[in-house]
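Peer 1: No letters, just coordinates:
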Ligand code: NAD
Ligand code: UDP
């Protein structure tokens, strides 16, 4: 049994990760300040002897005897991370700094949930890990993008300077049950609108693309990365290379929900990336990982979930 700390464990991704780690018999500490996460996400785990929940802000030091850390604490949707941008940058930086400090003291492995946002509005397509990105340092998305880039820098320097056993994964757009209803991300927004018969909001002309990964594939990739040899630090892309325009996604969701909603075009948010698709050659080679769940299969599960909550 491993003792595992998951920061941001009560969020969308964190709750699925905690669930899998608990089911595998690990002793899991879910640390969260409930900024965007909810106790309901881990309700079903509370009371299990190998699960505990700690209310704590990663901008403050934390101490525990542990074998592994998954550092996920950070608001992830544009609406939430832009609400208090200074706090977002602080969470990225101080969260990484204090968790790396803890990893150094207890000599444990630590995995950083980085993001495809480090590539910004990419000039290279699809995005391989060696690509440095195309990021605006002073835009409305910068608090998140630059916060995550700086966290990667801290991780790699703790590895070089202090031999901390680090792992960096760059997560591409992920969706599934327990996404927050109010976080404004495209999959949850469009499903909720379709189920309620409200207008489907497409920002811009809907020709921008994203590659959507189902949550179970991501959790599998995270666990494989943590289990990989200490010589493999990453960064490694974890995402589904299936690329869709936002308009295609909307049409799929309308068809799958048999919705009468009509599409409504809205202004494109500032610095909205035009394309995004992971090159997952490295993940295949080093982790033997590739996504298994198609967009249709994943949407089916996600729609079924949202039917129970909207
Ligand atoms: P989420 O908002 O559901 O989860 C983030 C969790 O972190 C929440 O439970 C929140 O309360 C917690 N948190 C925020 N600030 C905190 C702080 N200062 N101290 C303690 N806890 C704090 O988002 P998510 O989609 O589950 O994302 C989890 C991680 O994965 C984030 O680091 C995000 O950047 C990364 N990521 C997500 C995606 C995606 O598509 N969902 C893509 C790339 C990267
Ligand atoms: N988007 C949209 N309608 C919505 C929400 C989002 O057209 O109701 C677009 C958004 O402008 C972006 C894409 O969908 O081009 C993905 O947005 P999301 O916030 O999910 O993720 P990110 O932009 O961080 O990839």
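Peer 2: That came through fine. The structure presented is a predicted model; accordingly, all values stated were derived computationally and were not measured. Ligands and ions are numbered 1, 2, ... in the order given.
Peer 1: contacts and neighbour counts: CA atoms only from here.
Peer 2: Noted.
Peer 1: and residue 123, that one's in a strand?
Peer 2: No - going by DSSP: H, G, I helix; E, B strand; the rest coil, the assignment for residue 123 is coil, not a strand.
Peer 1: Next one, pLDDT for it please.
Peer 2: Here the pLDDT value assigned to residue 123 is 96.
Peer 1: ok, and the closest non-adjacent residue to it?
Peer 2: residue 134 (6.7 Å; Cα to Cα, 6 or more residues apart in numbering).
Peer 1: Could you check how far residue 197 is from residue 108?
Peer 2: Distance of residue 197 to residue 108, computed by Cα to Cα, to the nearest Å: 49 Å.
Peer 1: how about the residues of the stretch 51-200 of the chain near ligand 2?
Peer 2: Residues of the stretch 51-200 of the chain lying near ligand 2 by Cα under 6 Å from any ligand atom: 77, 78, 173, 184, 185, 186, 189.
Peer 1: Run through the residues you listed and flag the ones next to ligand 1.
Peer 2: Restricting these to those touching ligand 1 (Cα under 6 Å from any ligand atom) yields residue 173.
Peer 1: Could you pull out the helices in the stretch 201-310 of the chain for me?
Peer 2: 215-227, 246-257, 281-287, 295-309 (DSSP state H, counting those that start in this stretch).
Peer 1: Of these, flag the one that's most buried.
Peer 2: With neighbours taken as mean count of other Cα atoms under 10 Å, those reach their highest mean count in helix 215-227, at a mean of 20.
Peer 1: okay, the angle between that helix and helix 295-309?
Peer 2: Relative orientation of helix 215-227 and helix 295-309, computed by axes from the mean of the first three to the mean of the last three Cα atoms, to 10 degrees: 110 degrees.
Peer 1: tell me the mean pLDDT for helix 215-227?
Peer 2: Rounded mean pLDDT across helix 215-227 is 98.
Peer 1: Which strands and helices lie in contact with it?
Peer 2: helix 12-23, strand 109-115, strand 166-171, strand 174-175, helix 281-287 (3 or more Cα pairs under 8 Å, 6 or more residues apart in numbering; DSSP states H and E).
Peer 1: ok now do residue 243, which residues does it touch?
Peer 2: 209, 210, 211, 212, 276, 277 (Cα atoms under 8 Å, 6 or more residues apart in numbering).
Peer 1: What separation do you get for the residue nearest to residue 123 and ligand 1?
Peer 2: 16 Å (Cα to the nearest ligand atom, to the nearest Å).
Peer 1: So what does that residue have for phi and psi?
Peer 2: phi -140, psi 80 (degrees, to the nearest 10).
Peer 1: go on, the one 5 residues further on?
Peer 2: In this entry, residue 139 is assigned phi and psi values of phi -90, psi -180 (degrees, to the nearest 10).
Peer 1: Quick check: it touching residue 271?
Peer 2: Yes - applying Cα atoms under 8 Å as the test, residue 139 and residue 271 come out as touching, 7.1 Å apart.
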